[in-house]
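Participant: What follows is a predicted structure for the sequence shown.
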Amino acid sequence: MSATVLHYKSNLRDVYFNLFEVLDIERTTLGRAPFVSMDGSTARDALKQLATLAETEIAPSFADTDRTPLTLDADGNVHLPESLKKSMKAWWDGSWHLFEVPEHIGGFGAPPTIWWSAFEMIAGAHASFAFYTFGSFVARVIDHLGTDAQKRRFVQPMLDGRWGGTMVLTEPDAGSDVGAARAKARPMGDGLWEIEGTKRFITNGDFDSVDNIVHLVLARPEGAGPGTKGLSMFIVPKWWVAEDGTMTTERNGVYCTNIEKKMGIKGSSTCELTFGEKQPARGFLVGEAHDGIRQMFRVIEQARMAVGVKSMATLSTAYLNALAYTKERVQGGDLLRVNEKASPRVRIIDHPDVRRMLMSQKAFAEGLRALALYAASIQDQVEILGGHGAKEAEPLERLNDLLLPLVKGYGSEKVYELLSVSLQCFGGSGYCQDYPIEQYIRDQKIDSLYEGTTHIQAQDLFFRKVARDGGATLRGLLGEVQRTISTDLAGDALAVERQALERASADLQGIYGAMLPKMQASLYHVGFQANRVLSATGELVIGWRLCVQAAIAQRKLATATGKDVDFYTGKLAAVRWYCQNVLPGLTLTRKLVEAGTLELMDVPEAAF
């Protein structure tokens, strides 16, 4: 059997470690409203079942959907490979589409920490598959923002009928400049609107494994102003839905008119959607409120978190595949016996450079998981304090907002770099389709592009998440880092790590300090340096979370037995490598930012 069929390797032990030993969600989240019905035992069992589902039912369609093209028929229907439909059936049949759904609308009510742990496994098993599950979130958005009539028409029918859902923003000429969108909305009376225009790069804009698809569409009402503030969000179903939630046989006027031919995630139907060309495309104004960009940002933030978790999941399974290969592959002699022609051949995990490559993957895979689940734990607390928009939750919402560019922007960029290291561990075999790494690379590259490119994430961090509140949220986060330095890392056992984290924290503060006068002199400085600022911030926060883990591992190692000894030893090895090889880089970044100039802006275009 090809290594690509059952390629996925979960890391359930590290997921449990984050959730129950580091974040202690049995105390902080589970059993507290709105998560009263889920306890630790239920959560562990559910994640164990999901790991099995991911490895045995979802992963087998991974390679086949990469090599079996999607097809588009004359009626604008996208047809998926049978293997992918089989994986999706296993998901639906297990009612896993209800896992993230709140209890009040019939779901299991998993908190964000548990849901994102689950999403890691399905995204790592098959990235294209993962985003076909978006319908449940669209139902949640309508439940949160829709009118009572809209909720009756869509929410329960979407969940009971297992419908799909999409977010529809991008247009051919607008790209990431959402405010330049030209799709129009015209009122028809009785609460209905007619949508006209073309949208592009719509993830899973059409697919034939569900009965209906509900699109959340940004369009500009007639007479509305320019830019993002003039946009509104509309609910537009593929098949018309009656007032009582019954799906009719009447096709609505939204059609897939093209499927993009892509480098990766080929099983994901990335569509051009055309509204109102063949017949009217009717929809409903979400919540009867012209507040589209704010409403859509709730969807965008979910998508950005999903992309970051997808990247982390891909690195994790790539690392575990590389680790398994290096334990089996025998090649070359021990470097210390290089002059002995008859020295025995060794497994490649015994070579220093291979160990360097493995540890770089391990430290970042586990560090990015720690970052993502820390962000998810903040999302847990937002829900406990009343949810999105609740006054008491505002400080935590701002912290979550600050973390998202790190999860998505830094994570996706770093993972693409490290997947090449995963492939390197396989040598020439990694370049072949016999192993999953080459597809991992192709499927993951999109993560630094969609839902906001890396530089868009970097500017978002600098302008919207740090500068807008005068750095208050960042200072609060750095205060938490300092508390860890002063308490958890006190003593001799982690003295080297404490010093490295303290130096890196000072360097990051110096980086932001250097950027303030530069920004006042010219915003071009932000353009040149924002990616460095994003990376430095991400690397410090990951280093902090790894140090938090190390302190726990250090305490538990003394009484650990069996496989736990290896697990905690690995945690300490990862943080030591990270503090010796990654955190010192912030000193160089600080010097580069401080010395940054605008000379490139003066280079004539013809000289490039």
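Facilitator: Okay, I see it.

Participant: close enough to count as contact, residue 217 and residue 165?
Facilitator: No. At 11.5 Å, residue 217 does not count as touching residue 165 under the criterion of Cβ atoms under 8 Å. Heads up, the C-betas are built off the backbone N, CA and C, glycines and all.

Participant: When those two are compared, which one has more neighbours?
Facilitator: Taking neighbours as other Cβ atoms under 10 Å, residue 217 and residue 165 compare with residue 217 leading, 30 against 27.

Participant: What mean pLDDT does whichever strand or helix holds that one get?
Facilitator: Element membership of residue 217, judged by DSSP states H and E, is strand 213-221. In this model, strand 213-221 carries a mean pLDDT of 97.

Participant: Quickly run through the sheet partners of that strand, with directions.
Facilitator: Here strand 213-221 has these sheet partners by DSSP bridges: strand 164-168 (parallel), strand 184-189 (parallel), strand 232-237 (antiparallel).

Participant: Could I get the CA-only coordinates of it as CSV?
Facilitator: The C-alpha trace of strand 213-221 is given here as CSV (Å, rounded to 0.1, in the frame of the first residue of the first chain):
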residue,chain,number,x,y,z
ILE,A,213,-25.2,25.3,-0.5
VAL,A,214,-25.8,28.6,1.3
HIS,A,215,-23.5,31.5,0.3
LEU,A,216,-22.7,34.5,2.5
VAL,A,217,-22.1,37.1,-0.1
LEU,A,218,-20.6,40.7,0.1
ALA,A,219,-22.3,43.0,-2.4
ARG,A,220,-22.9,46.8,-2.7
PRO,A,221,-26.5,47.9,-2.4
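
Participant: those helices in the stretch 501-608 of the chain, which residues are they?
Facilitator: 524-557, 563-581, 585-594 (DSSP state H, counting those that start in this stretch).

Participant: Switch the ones you listed over to CSV; also include distance to residue 343.
Facilitator: Shown next, in CSV, are these (distance: least, Cβ to Cβ, whole Å):
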stretch, distance to residue 343
helix 524-557, 35
helix 563-581, 27
helix 585-594, 36
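
Participant: Which stretch among the ones you listed is buried most, on average?
Facilitator: With neighbours taken as mean count of other Cβ atoms under 10 Å, the helices of the stretch 501-608 of the chain reach their highest mean count in helix 524-557, at a mean of 22.

Participant: just the angle between that helix and helix 563-581, please?
Facilitator: Here helix 524-557 points in a direction 150 degrees away from that of helix 563-581 (axes from the mean of the first three to the mean of the last three Cα atoms, to 10 degrees).

Participant: Next, the angle from helix 524-557 to helix 585-594.
Facilitator: Interaxial angle, helix 524-557 versus helix 585-594 (the same axes, to 10 degrees): 170 degrees.

Participant: picking up where we left off before, okay, the helices of the stretch 501-608 of the chain in a markdown table with mean pLDDT next?
Facilitator: A markdown table is the format used below for those (pLDDT from 0 to 100):
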| stretch | mean pLDDT |
| --- | --- |
| helix 524-557 | 97 |
| helix 563-581 | 98 |
| helix 585-594 | 98 |
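
Participant: For the stretch 201-350 of the chain, which segments are assigned as strands?
Facilitator: For the stretch 201-350 of the chain, applying DSSP state E, counting those that start in this stretch gives strands covering 213-221, 232-237, 239-241, 247-251, 254-259, 271-275, 281-285, 330-333, 345-347.

Participant: Residue 22 is nearest to which of the ones you listed?
Facilitator: Residue 22 lies closest to strand 345-347 among these, at 32.1 Å (Cβ to Cβ).

Participant: Can you tell me the strand partners of that closest one and which way each runs?
Facilitator: Strand 345-347 is paired, per DSSP bridges, with strand 330-333 (antiparallel).

Participant: what about the partner strand, average pLDDT?
Facilitator: When pLDDT is averaged over strand 330-333, the result is 94.

Participant: Buried residues in that strand, which are they?
Facilitator: For strand 330-333, a neighbour-count test (16 or more other Cβ atoms under 10 Å) marks residue 333 as buried.

Participant: likewise stretch 446-455?
Facilitator: 446, 447, 448, 450, 451, 452, 453, 454, 455.

Participant: Identify, from these, the entry nearest to residue 226.
Facilitator: Of all the buried residues of stretch 446-455, residue 226 sits closest to residue 452, with 20.9 Å by Cβ to Cβ.

Participant: so how many other residues sit close to the nearest residue to residue 326 once chain neighbours are set aside?
Facilitator: Ranked by Cβ to Cβ, 6 or more residues apart in numbering and with sequence neighbours excluded, the top spatial neighbour of residue 326 is residue 349, at 4.1 Å. Residue 349 has 17 neighbouring residues, counting by other Cβ under 10 Å.

Participant: you'd agree residue 349 is up against residue 327?
Facilitator: Yes. Contact criterion Cβ under 8 Å: residue 349 and residue 327 qualify, at 5.3 Å.

Participant: hmm, back to that, tell me which of the helices of the stretch 501-608 of the chain lies nearest to residue 252.
Facilitator: Judging these by Cβ to Cβ, what sits closest to residue 252 is helix 524-557, at 40.5 Å.
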